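Undergrad: Any chance you can model this:
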Amino acid sequence: MASQVATPSSLHTTVASSTASLSSPSSASPTQLSPDDVELLAKLEEQNRLLETDSKTLRSVNGSRRNSGSSLVSSSSASSNLSHLEEDSWILWGRTVNEWEDVRKKKEKQLKDLVRKGIPHHFRAIVWQLLCSAQNLAIKEQYSELLKMTSPCEKLIRRDIARTYPEHEFFKEDSLGQEVLFNVMKAYSLVDREVGYCQGSAFIVGLLLMQMPEEEAFCVFVKLMQDYRLRELFKPSMAELGLCMYQFECMIQEQLPELHVHFQAQSFHTSMYASSWFLTIFLTSFPLPVATRIFDIFMCEGLEIVFRVGMAILQMNQAELMQLDMEGMLQHFQKVIPHQLDSGPDKVIQAAYQVKYNAKKMKKLEKEYTTIKTKEMEEQVEIKVRQTSHLSKGNPRYSEEFILQLERELVQARLQEAESQCALKEMQDKILNMEKSRSSNREAEALTGLKELRQQVRDLEEHWQRHLARTAGRWKDSPRKNAASELQDELMSVRLREAEAQADLREIRQRMLELETQSQIHNNQLRRAELEARNLQERLQVLTNQNKMLHAELQETKRKQAEIECKNKEDVMAVRLREADNIAAMAELQQQISELEIQKEEGKVQGHLNNTDSSQYIRDLKDQIADLKHEIRCLRGQQGLPDQPSFDGIHIVNHYGGDNESYQSSDEDGVKLSPQLTRHQVRGRITLHANLEDSESEGDEEEDALRLSGSHKTTTV
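TA: Down below sits the predicted model:
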């Protein structure tokens, strides 16, 4: 049965319950099997026959839980469905899956009604693949190759993984669920580089991984993006989301006008509460079982169910919302509405199909929205052109300033890039260590799970042996009892063999997972080594170019240095020539000085000669003075002495206007006479003042002046 191959825990539960249900009537009625047991055995055989004939279901079963349970089912949803599911629903879905092509073509309305009632949990994986035609996609073969590549969105995906179903056991921190979620998101970001990664898409992929293996989840997600308008919703521009908001707001305006007026009065825009409904198909707004039921219908009918459920929610809460302000309405959408659906999704789904939905009008609204956006784009382009022309006319230097700003930003960006490279290398080392530790943790978890599974198998065998021991003696009385006993033995043996096969399969898959993990780690290491080698080669090339540039600069520097040395030598020679010229000039000047000194000496000699002439002149004056004195004495009646007349003293004073040293010899030649006169003679003294001024220039550096003036004479008796 599908329930026995979904998970090991469900396998143990089903086999144990089957054993209990078969053993309890045997112990209670040793003589014969009860009608309920016979009916149950018939239904079990019917289900086994259906599953064996359904090749598509077998493929889903054989591919389930690949990579060590990479698609763990929701425990709460599984327990709810297993406890309330009826056998006729299982049979009906089994036949529907077997005859899918005919049902899809001829009984589409019945299929929609069946999906609206809910897809059984263990049929969801195969039914979702059939609904979106994702079971035979060629891109599935590329999945393993995509995982070996590097995506530019890896950092964003790693950051948001912890925010995806944080309360769910499958997506706990560092769990296998987070790893396979990262793989699927990374693979799609490489397939569709225009969309890349959007946070809301992780919740859809997470729901798919709860139902099916990662490769099948990847294929289903690709089909959803391509055929269900999700790709347009998740584009960076999010133009499709704006269209959905416009259509949904028009539906509110038409069907709930009072609430629309209240929203407008409170500035409560549609995107504030409804954007997550369309981006995650209510997975972040409603409890997981309710959102899963809505997702069943979405797989069959598309985004129409989102509009219907959204309108149903607003209709159910219109009275409360009319009494609240904007903040209160936000709190109501976040905290009150999710708890209204704890009882189950049936009520809101029934209300959703009471909502009026006109596909033609939605198409008309789409055209209106496209027209409005086109006009807005044209107006924005026109405004931008006007602003650009105005700036260019009003400020001609704007472009230069803008270029300078861009250059500064470029420098900052390069600095940030260098810092990012360092941080990236550190993170790569850290990721490598984390991968190693995670691999060891996976191995430990897998070994623990394998031990638990083997222990369960042993418990089943012991339980079966005890059951055989209790009932062996009682079934020998009647051939009919023996046939029933053999049937029970065969059935339980098949169950045990199936459990053992599942255990072996799990062990093989675990080993395959370990090998794939090791291969992925080695591939990552090899890729990092290749990247590092490529970076080193680029760095080597850069260093080589820098070395060439430095060598060229060195040669240029040497050439300039040689030129400077030659110039210095020329300057030194010029200086030496100037020194030689200066020495020659100094020699000439010294010669001139010598000539001037000679002229000076000649002047001195000439001065001496002039002094000699003045002495003669003085002697003549003395003679004249003597004659005058004689005449005076004669006039006074005095007789002159017969002897040579004597003077009390004659002082001759010469005043020169030149160098004292030049006429020192002439002073020495002056006559000083101070003879003693007789007592009866009158003592007298004659003072002669002579001012001699004579100026004569002889040469450039020597000037002798000799001026003789005898015009001023003073004689005192």
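
Undergrad: where exactly do the strands run in the chain?
TA: Applying DSSP state E to the chain gives strands spanning 650-656, 686-692, 695-697, 703-705.

Undergrad: Tell me how this protein divides into domains.
TA: By the assignment in automatic domain parsing, the chain contains the domains 61-233, 237-357, 358-392, 568-717.

Undergrad: Export those as CSV, with columns for mean pLDDT.
TA: Compiled in CSV, these are given as follows (pLDDT from 0 to 100):
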stretch, mean pLDDT
domain 61-233, 81
domain 237-357, 91
domain 358-392, 83
domain 568-717, 61
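
Undergrad: I'd like to know which of the ones you listed is closest to Ser420.
TA: Of all these, it is domain 61-233 that lies closest to Ser420, at 10.4 Å by Cβ to Cβ. In this view, the C-beta of every residue, glycine as well, is placed from N, C-alpha and C.

Undergrad: Taking the centroid of this protein, which residue is nearest it?
TA: The chain has Ser420 as the residue nearest its centroid, 6.0 Å off, counting by Cα atoms, centre = their mean.

Undergrad: where does that one land on pLDDT?
TA: Reading off the confidence values, Ser420 has pLDDT 80.

Undergrad: For it, give its distance to Asp160.
TA: Ser420 sits at a distance of 20 Å from Asp160 (criterion: Cβ to Cβ, to the nearest Å).

Undergrad: likewise Tyr617?
TA: 132 Å.

Undergrad: the more surrounded of the two?
TA: Using other Cβ atoms under 10 Å, the more surrounded residue of Tyr617 and Asp160 is Asp160, with 20 against 13.

Undergrad: thought the more buried one was touching Phe203?
TA: No. Using Cβ atoms under 8 Å, Asp160 is not in contact with Phe203; the gap is 9.9 Å.

Undergrad: isn't Leu147 right next to Phe182, touching?
TA: No. Look at Leu147 against Phe182 with Cβ under 8 Å: they stay out of range, at 9.7 Å.

Undergrad: just the helices in the stretch 551-700 of the chain please.
TA: With DSSP state H, counting those that start in this stretch as the criterion, the stretch 551-700 of the chain has helices at 664-668.

Undergrad: just to revisit the earlier point, so for Glu426, which of the domains of the chain sits nearest?
TA: For Glu426, the closest of those is domain 61-233, at 13.4 Å, according to Cβ to Cβ.

Undergrad: how far out from the middle of the chain is the closest one?
TA: 32 Å (Cα atoms, centre = their mean, to the nearest Å).

Undergrad: Over to stretch 623-630?
TA: Distance of stretch 623-630 from its chain centroid, counting by Cα atoms, centre = their mean, is 129 Å.

Undergrad: Send me that stretch as PDB with only the CA atoms.
TA: Presented in PDB, the C-alpha positions along stretch 623-630 are these (Å, rounded to 0.1, in the frame of the first residue of the first chain):
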ATOM      1  CA  ASP A 623     114.500 135.400   5.600                       C
ATOM      2  CA  GLN A 624     111.800 137.800   4.800                       C
ATOM      3  CA  ILE A 625     110.600 137.800   8.400                       C
ATOM      4  CA  ALA A 626     114.100 138.500   9.500                       C
ATOM      5  CA  ASP A 627     114.300 141.400   7.200                       C
ATOM      6  CA  LEU A 628     111.100 142.700   8.400                       C
ATOM      7  CA  LYS A 629     112.100 142.500  12.000                       C
ATOM      8  CA  HIS A 630     115.200 144.300  11.200                       C
END
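
Undergrad: Please spell out which residues along that stretch are buried.
TA: 625, 629 (16 or more other Cβ atoms under 10 Å).

Undergrad: same thing with stretch 148-158?
TA: Across stretch 148-158, burial judged by 16+ other Cβ under 10 Å covers 151, 153, 156-157.

Undergrad: same question, stretch 431-444
TA: Neighbour-count burial for stretch 431-444 [16+ other Cβ under 10 Å]: 435, 438-439, 442.

Undergrad: Now distance to Gln537 too, for the domains of the chain, in CSV please.
TA: Formatted as CSV, these follow (distance: least, Cβ to Cβ, whole Å):
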stretch, distance to Gln537
domain 61-233, 18
domain 237-357, 39
domain 358-392, 43
domain 568-717, 46
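
Undergrad: what number of residues lie near Thr270?
TA: Neighbours around Thr270, by other Cβ under 10 Å: 19.

Undergrad: okay but it is in contact with Phe248, surely?
TA: Yes. Assessed by Cβ under 8 Å, Thr270 is found in contact with Phe248 at 5.7 Å.

Undergrad: Now do the buried residues in stretch 265-275.
TA: 268, 270, 273-275.

Undergrad: His269 - nearest residue in space that isn't next to it in sequence?
TA: Counting by Cβ to Cβ, 6 or more residues apart in numbering, His269 lies nearest to Phe263, which is 7.6 Å off, once chain neighbours are set aside.

Undergrad: and that neighbour, what does it touch?
TA: By Cβ atoms under 8 Å, 6 or more residues apart in numbering, the contact list for Phe263 reads 252, 269-270.

Undergrad: Which single one of those residues is nearest to Leu365?
TA: Ile252 (12.4 Å).

Undergrad: quick revisit: nearest to Gly94, of the buried residues of stretch 148-158?
TA: Of all those, Ile157 has the smallest distance to Gly94: 37.5 Å, by Cβ to Cβ.

Undergrad: Dump stretch 96-108 to CSV, restricted to CA.
TA: This file holds the C-alpha atoms of stretch 96-108, laid out as CSV (Å, rounded to 0.1, in the frame of the first residue of the first chain):
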residue,chain,number,x,y,z
THR,A,96,-8.1,7.9,-11.2
VAL,A,97,-4.3,7.7,-11.2
ASN,A,98,-4.4,4.5,-13.3
GLU,A,99,-6.7,6.0,-15.8
TRP,A,100,-5.4,9.6,-15.6
GLU,A,101,-5.3,10.4,-19.3
ASP,A,102,-8.9,9.4,-19.8
VAL,A,103,-10.1,11.1,-16.7
ARG,A,104,-8.3,14.3,-17.6
LYS,A,105,-9.8,14.4,-21.0
LYS,A,106,-13.3,13.1,-20.5
LYS,A,107,-14.1,13.7,-16.8
GLU,A,108,-12.5,17.1,-16.1
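
Undergrad: ok, and for it, which residues are buried?
TA: If you call a residue buried by 16+ other Cβ under 10 Å, then stretch 96-108 has these buried ones: 96-98, 100, 103.

Undergrad: got those residues as a markdown table, with distance to Gln455 columns?
TA: Output for the buried residues of stretch 96-108, formatted as a markdown table (distance: Cβ to Cβ, whole Å):
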| residue | distance to Gln455 |
| --- | --- |
| Thr96 | 38 |
| Val97 | 34 |
| Asn98 | 36 |
| Trp100 | 39 |
| Val103 | 42 |
